[in-house]
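Trainee: Build the 3D model from these lines:
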Amino acid sequence: MGTKDVIALLAGAVIVVSFVGSAKSPAATAASPLSNASGTLPGLAPVLSDGDRARARALIARLRVKSRGPNTGYARSRYGENWADSATGVPYARNGCRTRDDLLARDGTGVEYRAGSRCEVVAMKLTDPYTGRLISWRKAQADEVQVDHVVPLNYGWRMGAPRWPMAKRLDFANDPLNLLPVDGRANEEKDASGPSGWLPPQRSVRCAYVTRFAQVALKYDLPVTRADKNAMLAQCR
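Mentor: Numbering: from 1, shown residues only. Reported below is the predicted structural model:
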């Protein structure tokens, strides 16, 4: 299932966006995955309407299920260079900037760049989608904001990524749909968990989070565990 299929499935969902100034481009404060299947807008927003929650459940119901495989052979390098700019077919691909900087600029407000650079983000404010905390971030405290893979790379590895060509793994690791700048401590607590093992502390975005997880899994034809699928459905009741 490709991005166009996901967008078609969710056609008609409403995007609510507010804009703030940034040195590079306007940034939306949040967007529900129901209206952001391309991953071009930042953050997560609560899925509130009965119709949107029903569409989220329909999306999740399409996920294939299998048992989690072994961790044999996993390393971050199996997905290519860390924050490579060489992914294809995704927003920001090959624009000369590292994926991490693209995502910080996408989701941050008051973004500042290193002098003489159009890419390297050195300061910003971030409303963390996982905890709701406002973070005033500077690169000197780089780990305070980390870019999370919604579907973790290790999870993908254990669910079938070893059989993918390298180009697909590179896209999966650098796809903005699968990436959210978040509170570093929350990201470390999540580790490589699926939704049955970890959910955002901020309960209001849990349906949006599992919907995003499902969109990524469907886009890359990645199965999930039965426990994770059940946990995802439960968050969008």
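
Trainee: and K125, how many neighbours does it have?
Mentor: K125 has 13 neighbouring residues, counting by other Cβ atoms under 10 Å. Any C-beta I mention is one placed from the backbone N, CA and C, and that applies to glycine too.

Trainee: that's a strand at it, yeah?
Mentor: Yes: using DSSP: H, G, I helix; E, B strand; the rest coil, the assignment for K125 is a strand.

Trainee: all strands for the chain, in order.
Mentor: 19-20, 27-28, 109-113, 121-127, 134-138, 145-149, 179-183 (DSSP state E).

Trainee: What strands flank the last one, and is each parallel or antiparallel?
Mentor: When pairs are called by DSSP bridges, strand 179-183 turns out to pair with strand 145-149 (antiparallel).

Trainee: For the partner strand, what does the pLDDT average out to?
Mentor: The pLDDT scores in strand 145-149 average 98.

Trainee: mind saving the C-alpha coords of it as PDB?
Mentor: Extracted in PDB, the C-alpha atoms of strand 145-149 (Å, rounded to 0.1, in the frame of the first residue of the first chain):
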ATOM      1  CA  VAL A 145      15.200  16.800  21.700                       C
ATOM      2  CA  GLN A 146      15.600  13.600  19.800                       C
ATOM      3  CA  VAL A 147      14.000  12.600  16.500                       C
ATOM      4  CA  ASP A 148      11.900   9.500  17.100                       C
ATOM      5  CA  HIS A 149      11.100   6.800  14.500                       C
END
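
Trainee: Show me what it is in contact with.
Mentor: For strand 145-149, the external contacting residues (Cβ atoms under 8 Å, 6 or more residues apart in numbering) are 83, 99-100, 103-104, 126, 128, 130, 135, 137, 173, 178-184, 187-188, 190.

Trainee: Selection in ChimeraX covering whichever of those residues are buried, please.
Mentor: Remark: buried members of the contacts of strand 145-149, expressed as a ChimeraX selection using 16 or more other Cβ atoms under 10 Å:
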select :83,99,100,103,104,126,128,130,135,137,173,178,179,180,181,182,183,184,187,190
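
Trainee: Of the strands of the chain, which stretch is the most buried?
Mentor: Comparing those by mean neighbour count (mean count of other Cβ atoms under 10 Å), strand 179-183 ranks first with a mean of 24.

Trainee: Let me know the angle separating that one from strand 134-138.
Mentor: Strand 179-183 and strand 134-138 are oriented at 100 degrees to each other (axes from the mean of the first three to the mean of the last three Cα atoms, to 10 degrees).

Trainee: between strand 179-183 and strand 121-127, how many degrees?
Mentor: Here the directions of strand 179-183 and strand 121-127 differ by 80 degrees (the same axes, to 10 degrees).

Trainee: And for strand 179-183, what's in contact with it?
Mentor: 39, 42-44, 99, 103-104, 107-108, 126, 128-131, 133, 135, 144-150, 212.

Trainee: For the protein, give me the ranges with low pLDDT.
Mentor: Regions of the chain meeting the criterion pLDDT under 70 cover residues 1-31.

Trainee: need the helices for it, in chain order.
Mentor: For the chain, the helices defined by DSSP state H occupy 3-9, 50-61, 99-107, 153-158, 166-174, 184-190, 206-219, 226-235.
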